[in-house]
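[1] prediction below, plus the sequence it came from.
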Amino acid sequence: MYSEKVMDHFNNPRNTGDMENPDGIGHVGNPVCGDIMELYIKVKDDIITDAKFKTFGCGAAIATSSMVTEMVKGKSLADALKISNKAVAEALGGLPAIKMHCSVLAEEALSSAIDDYLKKNPTRNTDALRKLHKTPHHEETE
Amino acid sequence: MQRIYLDYAATTPTDPNVVQAMLPYFHDAFGNPSAIYSYGQEAKNALEEARGKVARLIGARDEEIIFTSGGTEADNFALKGAAYANQKKGNHIITSAIEHHAVLESCKFLGKMGYKITYLPVDKYGLVDPDSVKKAITDKTILISVMHANNEIGTIQPISEIGKIAKEAGILFHSDAVQTAGHIPVNVNELGVDLLSMSGHKLYGPKGVGVLYTRKGSKLTPFMHGGGQERGRRASTENVPGIVGLGQAAELAGQDLEGETQRLIGLRDKLISGIVQKVDRTHLNGHPVKRLPNNVNISVEFVEGESMCLNMDIVGICASTGSACSSGSLEASHVLLAIGLEHVQAHGSLRFTLGKWTTEEEVEKVLEILPRIIGKLRAMSPLTKNLSPG
């Protein structure tokens, strides 16, 4: 059902756990659908220097959370906002069609964490970044 | 890696004795039971012998056994067959909210065809109240369908009480006994059922074969049209090897029902109390006593079921969950929601179903490994911050 990469990130998830004094927190999902993700970021000079997550969810939800935290580290906020759910799924060697919504959740957790950071730290880039954030670029199907 | 299979409610391995009994009917005694020459008659004899074995397991007469392609067909046949045959009499069907999808989806279909369906609620243990059945009956009621035991939480329903109510009201009574036949005593007369579904692969028989018991005199419109097999009630050349296997499985199941039941109850209760004692914030789903001897269903707070199952699979333990994520439908188990669980608890459910080859060592292994898996997942769960210390 899952690719080797998904199983690797599920079995040995990267960057799990709490973060002390995160600069941004993203909280997405709901108990009805069975996936809840929290993503924490540290930001310095518009660069994401660290990312961690906590996830209640299935194998795909944990693997996409793990992968997205790996992908954002070292990226500028602008580049991080360009990470689409499809890119997360592809980096994991693909996801079953029914699990693509987990990658959407991972993308949303990331943009919600960045949004939280921007709210707390208005910079001159805020408006442009906010615009990027509002651009929907996820796809539900493969 | 030594694998530990604990999903017997999903399917059982076919007993090697059953496989042996089936083998001659593929190549040697391969005839069509409808043919008059010897090959055909050999197959016909085997078919009738198997019919007798199944009938004896459930206290039925031979001619009341109709072989089908499985439990799902038996349920569909019972529901639709009874609905069509009795449409002049009425259009109302009573069932429960926690039936197997084979019954629920058949009801939904009949609902679209104009039938009125009452879905009875269940209590927190998953029990149907016989009084609620009585109250739901109208002069248009033509069928009552309540499962003998639930496949997810193992709760055993008061079928004989409901049977009495149905009989008094002169209404056909169907019970899905896919999880009970061959596992706990099933006697169609004691239960008071007119129709009863069984499946081969849930009692160490092969897949692709099942039974609809049909009490003599029950009106049922055939579901499969074609040849005159099964006394004109179910067309299609009989699955002779499968039926022989089911007959053999029924005979074996009847031989040591009581001993095996006691053994499984011991293992089941060891697993339940072990998990609940070792891991805080875990709860048993279903009835503590009125429960299948092999069923363990536990809700684990703060973690999701599929992730627990996947982690167990990595170390060779096969179990299932009522979480949406594993169902393909993205909806949590209708059974767990019907007994009043919150979505998040339903998503965190685990089902272990034990069987003939389950050993005490296997149960102990699960009790050793599962708490570690739960600990690992809870450590990365955003919900554990609600966990009060201690």
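    The structure has been received and is ready for your questions.
[2] what about the residue lying closest to residue A:13 once chain neighbours are set aside, how many residues nearby?
    In this structure, residue A:13 finds its nearest non-sequential neighbour in residue A:66, 4.1 Å apart by Cβ to Cβ, 6 or more residues apart in numbering or on different chains. C-betas here are computed from N, CA, C, even on glycine. Per other Cβ atoms under 10 Å in any protein chain shown, the neighbour tally for residue A:66 reads 26.
[3] contacting residues for residue A:4?
    With contact set as Cβ atoms under 8 Å, 6 or more residues apart in numbering or on different chains, residue A:4 has these partners: residue A:93.
[4] and residue A:102, how close does it get to chain B?
    According to Cβ to the nearest Cβ, to the nearest Å, residue A:102 and chain B sit 9 Å apart.
[5] what is the neighbour count of the nearest residue to that residue once chain neighbours are set aside?
    Excluding its sequence neighbours, the residue lying closest to residue A:102 (Cβ to Cβ, 6+ apart) is residue A:60, at 4.0 Å. Other residues near residue A:60 number 30, with proximity taken as other Cβ under 10 Å.
[6] residue A:60 and residue A:51, how far apart?
    Separation of residue A:60 from residue A:51 (Cβ to Cβ, to the nearest Å): 19 Å.
[7] mind pulling up the pLDDT for the residue nearest to residue A:102?
    Per-residue pLDDT puts residue A:60 at 95.
[8] who are the contact partners of it?
    Residues counted as contacts of residue A:60 (Cβ under 8 Å, 6+ apart) are A:2, A:6, A:10, A:95-96, A:99, A:102-103, B:325.
[9] give the contact list for the spatially closest residue to residue B:176 that is not a sequence neighbour.
    Of all residues not flanking residue B:176 in the chain, residue B:147 sits nearest, at 4.2 Å (Cβ to Cβ, 6+ apart). If you count contacts by Cβ under 8 Å, 6+ apart, residue B:147 has them with B:96, B:98-100, B:103, B:157, B:175-179.
[10] which ones among the contacts of residue A:60 lie within helices?
    In helices, judged by DSSP state H, the following of those are found: A:6, A:10, A:102-103, B:325.
[11] would TSV of those with pLDDT, distance to residue B:41 and neighbour count be doable?
    Output for the ones in helices among the contacts of residue A:60, formatted as TSV (pLDDT from 0 to 100; distance: Cβ to Cβ, whole Å; neighbours: other Cβ atoms under 10 Å in any protein chain shown):
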residue	pLDDT	distance to residue B:41	neighbour count
A:6	97	56	26
A:10	97	57	24
A:102	93	58	30
A:103	94	61	31
B:325	59	52	27
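[12] which one of these is nearest residue B:73?
    Closest approach to residue B:73 among the ones in helices among the contacts of residue A:60 (Cβ to Cβ): residue B:325, at 28.7 Å.
[13] need the pLDDT of the nearest residue to residue B:210 once chain neighbours are set aside.
    Spatial nearest neighbour of residue B:210, chain neighbours left out: residue B:70 (4.1 Å); criterion: Cβ to Cβ, 6+ apart. Residue B:70 carries a pLDDT value of 98.
[14] now do residue A:30
    At residue A:30, the model reports a pLDDT of 85.
[15] what bridges to it?
    As for beta bridges, residue A:30 partners with residue A:35 under DSSP bridges.
[16] just checking, it touches residue A:57?
    No - contact criterion Cβ atoms under 8 Å: residue A:30 and residue A:57 do not qualify, at 11.0 Å.
[17] joint contacts of those two?
    Residues touching both residue A:30 and residue A:57 comprise residue A:36, with contact defined as Cβ under 8 Å, 6+ apart.
[18] which one's more surrounded, those two?
    Per other Cβ under 10 Å, whichever of residue A:30 and residue A:57 has more neighbours is residue A:57, with 29 against 10.
[19] leaving out chain neighbours, which residue sits closest to that one?
    Nearest in space to residue A:57, with sequence neighbours left out and distances taken as Cβ to Cβ, 6+ apart, is residue A:35 at 3.7 Å.
[20] next up, the contacts around the one you found.
    A:29, A:55-58, A:61, A:101-102, A:105, B:304, B:325.
[21] so which of the residues you listed is the closest to residue B:119?
    Residue B:119 has its nearest neighbour among the contacts of residue A:35 in residue B:325, at 25.0 Å by Cβ to Cβ.
[22] can you get me a residue count around residue B:104?
    Applying other Cβ under 10 Å, we find 20 residues neighbouring residue B:104.
[23] phi first, then psi, for it.
    phi -60, psi -40 (degrees, to the nearest 10).
[24] distance check, it against residue B:137.
    20 Å.
[25] quick one on the thing from earlier: dump the contacts of residue A:35 to a markdown table, plus distance to residue B:169.
    Putting those into a markdown table (distance: Cβ to Cβ, whole Å) gives the following:
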| residue | distance to residue B:169 |
| --- | --- |
| A:29 | 48 |
| A:55 | 52 |
| A:56 | 47 |
| A:57 | 47 |
| A:58 | 45 |
| A:61 | 49 |
| A:101 | 47 |
| A:102 | 49 |
| A:105 | 51 |
| B:304 | 44 |
| B:325 | 42 |
